[in-house]
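> Build me a model from this:
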Amino acid sequence: NNTQQKSVLFRVGVPSEGGDTGTGGATIGSSFSWDRTAQLAVEGLRFGVVLALAALGLSMIFGTTGLTNFGHGELITFGAIAAWYLNDAGLPFVAATLIAVLLGGLFGLGQDTLLWSPLRRRKTGLISMMIVSIGLAIFLRYTYLYIFGGGRQSYREYTIQTGIELGPATLAPRDIGSMVVAVVVLAAVVWALSSTRVGKATRAVSDNPALASASGIDVNQVIRVVWIGGAALAALAGVLIGLSQTVDYQMGFKTLLLVFAAVILGGLGTISGAIVGAILVGLFIQLSTLVIPIELQAAGVLGILVIVLLIRPQGILGRRERVG
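Numbering: from 1, shown residues only. Predicted coordinates:
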């Protein structure tokens, strides 16, 4: 099919002498260099702060509801697809992004109003709700496939840009812009959670929902706000990931495992842990390609995650909890 778009990986480098490519030529060496390390570190930091947006949203939802939401990846996809349709219809990318984030928040509100809130009122167990989230994720993924198609698409703007040198590293202006936007939004959310009335109520519900309710806090209203904010953060993460890569119906599903790794690595339910975990995952994803093939970079992250959980089950910044 000559009209289908696909992303492919080409190894770039200097052929190593005596290597066998399987076709009588030379292989491409992956020798260590400080310039390459710096480039990968910057790219990992960029991906990490964008991933932190989605991880923060997932951690907020888990912290207030206890729900392990396997449908969070589809919130990421929703933001990217919504922005692509708006941009393709003629809206500037910035305007399309703002509307997509707003729609993402409304999508999260709709999910909580129509699905999760009734399940909470019926006192459905967290395991059952987790299974519901898996079914919802599958349903949404194939709905995206039906509407958007199985191909990959790029936004109309910022697709081809000349890189800007940042010392030994080079980044496209869109990637620098993504980092700035992600850092500003993360700082704003952290400030809101620590300083505003809604943020303090959210932390109270996360610590002890029963005590928060007895203190006069509307727990359901707080959870509703958290769903709006968490879904909006996931939508923004999807837009920024689609900007640096491409948009497809499985992009959230592919990212979800890394989001879970970031949240668990940093500490389930902790805001700072989600951010730190995401940045560490982003850096490891890129820097690991210095020693392992790029196809195995996600496996390396999961290996580190297993080791951390064996040594410190509560995560890097999580707190120990007594059971029983």
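
> helix or strand for the nearest residue to G48 once chain neighbours are set aside, which one?
Excluding its sequence neighbours, the residue lying closest to G48 (C-beta to C-beta, 6 or more residues apart in numbering) is G282, at 2.5 Å. The way it works is simple: take the backbone N, C-alpha and C, and place the C-beta from them, glycine included. The secondary structure element spanning G282 is helix 271-287 (assigned by DSSP states H and E).

> What is that helix packed up against?
Applying 3 or more C-beta pairs under 8 Å, 6 or more residues apart in numbering; DSSP states H and E, one finds that helix 271-287 contacts helix 34-65, helix 173-195, helix 251-266, helix 297-311.

> can you pull the buried residues of it?
By neighbour count with 16 or more other C-beta atoms under 10 Å, helix 271-287 contains the buried residues 271, 273-287.

> Please name the residues that touch the nearest residue to L58 once chain neighbours are set aside.
Spatial nearest neighbour of L58, chain neighbours left out: H72 (4.9 Å); criterion: C-beta to C-beta, 6+ apart. If a contact means C-beta atoms under 8 Å, 6 or more residues apart in numbering, then H72 has A54, G57, L58, I61, G230, A234, G252, L256, V259 as its contacts.

> same thing with L103?
Contacts here follow C-beta under 8 Å, 6+ apart; on that basis L103 touches F78, G79, A82, A235.

> Quick check: buried residues in the helix or strand containing the third one?
Going back to what we said before, that points to A82. Here A82 is covered by helix 72-88, with elements defined by DSSP H and E. Within helix 72-88, the residues that qualify as buried are 72-87, counting by 16+ other C-beta under 10 Å.

> returning to what we had before: right, and the residue nearest to G48 touches L45 too?
Yes - between G282 and L45 there is a contact under C-beta atoms under 8 Å: 6.4 Å.

> ok, residues contacting the host helix or strand of Y146?
For Y146, the element it lies in under DSSP H and E is helix 126-148. Defining contact as C-beta under 8 Å, 6+ apart, one finds that helix 126-148 is touched by 66-71, 73-74, 77-78, 81, 111, 115-116, 119, 124, 247-250, 252-253.

> Show me which of these are buried.
Counted by 16+ other C-beta under 10 Å, the contacts of helix 126-148 give 67-71, 73-74, 77-78, 81, 111, 116, 119, 247-249, 252-253 as buried.

> which residues touch L236?
So L236 contacts L53, G79, T97, A100, V101, G104, V181, A182, V185 (C-beta under 8 Å, 6+ apart).

> Would you convert the contacts of L103 into a markdown table that also reports distance to S128?
Putting these into a markdown table (distance: C-beta to C-beta, whole Å) gives the following:
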| residue | distance to S128 |
| --- | --- |
| F78 | 24 |
| G79 | 27 |
| A82 | 30 |
| A235 | 27 |
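
> got the contact list for the residue nearest to T162 when sequence neighbours are not counted?
With C-beta to C-beta, 6+ apart as the criterion, T162 has its nearest non-adjacent residue at 7.6 Å, and that residue is A172. Contacts for A172 (C-beta under 8 Å, 6+ apart) come out as Y158, Q161, T162, G163, I164.

> How about T124?
V132.

> That one belongs to a strand?
No - counting by DSSP: H, G, I helix; E, B strand; the rest coil, T124 is not found in a strand; it is coil.

> Can you name the two of the contacts of H72 that sit furthest apart?
Using C-beta to C-beta, these reach their maximum pairwise distance at I61 and G252, which is 14.8 Å.

> Just the pLDDT for the residue nearest to G48.
Looking at G282, its pLDDT is 89.
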